[in-house]
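In: here's a sequence, model it:
(4 chains)
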2 protein chains.
Amino acid sequence: MNQVEIFKALSNQARLQILEWLKKPEVNFPGQAEYGDGVCVQLIHQKCGFTQSTVSEHLSMLQRAGLVQSTRKGQWTYYKRNEETFSLLSNFIQSEL
Amino acid sequence: MNQVEIFKALSNQARLQILEWLKKPEVNFPGQAEYGDGVCVQLIHQKCGFTQSTVSEHLSMLQRAGLVQSTRKGQWTYYKRNEETFSLLSNFIQSEL
DNA sequence: TTTATATATCGGGATATTCCGATATACCTT
DNA sequence: AAGGTATATCGGAATATCCCGATATATAAA
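Out: Predicted coordinates:
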C-alpha cells in the first residue's frame, strides 16, 4: 500500500464520485445483467460526462493505487472496488498517520 | 470537511511525514519548553531539510485542509494536529467512500 | 476478411503543484 | 529607532495533473 499514491488517486472529485457510485453498482449503473466483476467502462463513462479516454485513465489510476480491480471479459473491462485497500487505508489513518 | 482538499494535502510525502512527526512532538522535535500548542515552524523546517518558505507553505496547506491548527505566540507560530479531522476522515472512508 | 464496438494509449494544451530564493511582515531586544 | 529572529508571501522554474481528440488494440459480429 503506497499511501501517497492512494491519496493522489483520491484527490480528484471525479474519481471520488466513481468510487462512491461503485459501492452500489446495480443502483448507479443499471443495465448490466450481472455485477459480480463490477461495472464496464462504457457505463461509467456515460454517467460521468467525461470522455471515454479520461474515464479510462481515471480508472487506471485508481487501479494502480489498488482502490479498484479490473476483469477483462470479451471486449469489456469491468471495474469493481477493492475493499481491502479501503480498510487498510482507514487503519493507516487511525493508527499510523 | 472538504474531502478533495484533505486528500490533496495528504498526497505529498513531506506533508505526511510532518503529520506523523507531530504525533509525538516531544520525541521528534526536542528542544521546546512546552508542546501544548504544538511545534514551531523553525524546528519542523530544520528536521525536514526543505527551505523555510516551503515548509511554511506545506503547513498552510495542511491548515487549510483542517489537518493542523496554528497558534501565534510572540514571533513563533506553533502547529499541532487537529485530531478531529483525522477521525472525521477515517469515518468518511469507512462509511461514505 | 471486413466492420463494428469497447477499451487503452498517445500527444498536447491548460492548469496546478512543488520547491526555491528573495522579500515582506511581525515581533522582540537593545 | 535599529537590528535580529521567526514566519509568511511573492515570483518563477520545473514538473505533474487534468482533460481532450485522435489513434491503436482487442474482441466480436457479419
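In: now stretch A:31-45: buried residues?
Out: With burial defined by 16 or more other C-beta atoms under 10 Å in any protein chain shown, the residues of stretch A:31-45 counted as buried are A:32, A:37, A:38, A:39, A:40, A:41, A:42, A:43, A:44, A:45. Every residue, glycine included, has its C-beta placed from N, CA and C.
In: ok now that stretch, how far from the chain's centre?
Out: Taking C-alpha atoms, centre = their mean, to the nearest Å, one finds the center of stretch A:31-45 at 12 Å from the center of the full chain.
In: that stretch and DNA strand C in contact?
Out: Yes. Remark: stretch A:31-45 sits within contact range of DNA strand C at A:40, A:41, A:42, A:45, by C-beta under 7 Å from any atom of the strand.
In: now intersect the residues you listed with the helices, please.
Out: A:41, A:42, A:45 (DSSP state H).
In: now distance to residue B:92 too, for the residues of stretch A:31-45 next to DNA strand C, in CSV please.
Out: Shown next, in CSV, are those (distance: C-beta to C-beta, whole Å):
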residue, distance to residue B:92
A:40, 28
A:41, 26
A:42, 29
A:45, 26
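In: chain center to stretch A:74-84: distance?
Out: 8 Å.
In: sorry, wrong one. I was asking about stretch A:85-97.
Out: Centroid displacement of stretch A:85-97 relative to its chain, using C-alpha atoms, centre = their mean, is 18 Å.
In: kindly report the same for stretch A:70-84.
Out: On C-alpha atoms, centre = their mean, the centre of stretch A:70-84 falls 9 Å from that of its chain.
In: anything in that stretch near chain B?
Out: No. Figure legend: stretch A:70-84 not in contact with chain B (C-beta under 8 Å from any C-beta of the partner chain); closest approach 9.6 Å.
In: contacts made by that stretch with the rest, please.
Out: The contact list for stretch A:70-84, computed with C-beta atoms under 8 Å, 6 or more residues apart in numbering or on different chains, reads A:19, A:22-23, A:25, A:35, A:37-42, A:44, A:59, A:62-63, A:66-69.
In: mind running it again at 10 Å?
Out: Residues from elsewhere that reach stretch A:70-84 (C-beta atoms under 10 Å, 6 or more residues apart in numbering or on different chains): A:1, A:18-23, A:25, A:32, A:34-44, A:55-56, A:58-60, A:62-63, A:65-69, A:88, B:97.
In: and the residues you listed near DNA strand D, which?
Out: When contact is defined as C-beta under 7 Å from any atom of the strand, the contacts of stretch A:70-84 meet DNA strand D at residue A:58.
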